[in-house]
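Participant: Give me a model of this one.
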Amino acid sequence: MADLRIRSEAALVFHLSTERLIAAWSQARGARRVPRRADFSPAALGPVIPQAFVLRAEGGVERVRLSGALVEDLHGRRLIGEDAADLWSGLSRSRFREALRQARREARPVVIRAAALSAEGDEIGLEVALAPLSGPSGEVDRTVGLYQPTSFVARLMRRPIAVLTVREIAPAPLPPRSGVGHLRLVAEGGRRVA
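Facilitator: Residues are numbered from 1 along each chain as shown. Predicted structure coming up:
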């Protein structure tokens, strides 16, 4: 098993699909700290919708509210209603929960680089992106996420993922919020003023 590492923002490179989720989340956020679930349209994910999922915190449990076809195919079952932490192995359960808390606390997506293993020991690499959302009450209690395989899924030989293991956790770098922190050129009579 590889070392468990937590990375800083420096020199992070994610798969294009992971970047798509981060960009859609950032756009839905606008000038708010965290986008509302109602403002985040899964359609913004385009062709990676089957890789997406939504979690909701309910009494200390991260319930799967929605899960795309690829996510369910990889696990070999329907995941709606399950505790998402149960998909992770021993120590990785607490690391997964900490990644969710970090995303919510810092109001930014976090990416877990993971190993996905079948019961027979077949393994693929996976990026699991987690981006916080607020519910109708304004509480940050939801997460939109994405599974992005980083190696050939065929390695699983059509066997379902039995367990996920955290290899590395990395916060996603964010562009500034819309309308916040942008410099503007001010001109008067064709002359720059500020």
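Participant: pLDDT below threshold where in this structure?
Facilitator: For the chain, the stretches flagged by pLDDT under 70 are 1-12, 175-194.
Participant: pull the longest helix from it.
Facilitator: helix 90-106 (DSSP state H).
Participant: which parts of that helix are buried?
Facilitator: For helix 90-106, a neighbour-count test (16 or more other C-beta atoms under 10 Å) marks Ser92, Arg93, Arg95, Phe96, Ala99, Leu100, Gln102, Ala103, Arg104 as buried. Glycine gets a C-beta too; all of them are placed from N, C-alpha and C.
Participant: counting contacts, what elements does it pack onto?
Facilitator: Counting contacts by 3 or more C-beta pairs under 8 Å, 6 or more residues apart in numbering; DSSP states H and E, helix 90-106 packs against strand 110-118, strand 123-133, strand 142-149, strand 161-171.
Participant: Show residues contacting it.
Facilitator: Applying C-beta atoms under 8 Å, 6 or more residues apart in numbering, the contact partners of helix 90-106 are 4, 34, 55, 57, 62, 84-86, 88, 109-110, 112, 114, 130-132, 140, 143, 163-166, 169, 171.
Participant: any chance of the buried residues of helix 90-106 in TSV, with distance to Leu21 too?
Facilitator: What follows is the buried residues of helix 90-106, written out as TSV (distance: C-beta to C-beta, whole Å):
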residue	distance to Leu21
Ser92	21
Arg93	23
Arg95	20
Phe96	17
Ala99	15
Leu100	15
Gln102	16
Ala103	12
Arg104	16
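Participant: Tell me the one of these nearest Leu156?
Facilitator: For Leu156, the closest of the buried residues of helix 90-106 turns out to be Ser92, at 18.1 Å, with distances computed as C-beta to C-beta.
Participant: Quick check: the closest one vs Ile169, distance?
Facilitator: As defined by C-beta to C-beta, to the nearest Å, Ser92 lies at a distance of 10 Å from Ile169.
Participant: Equivalent analysis for Asp122, please.
Facilitator: Asp122 is 24 Å from Ile169, where distance means C-beta to C-beta.
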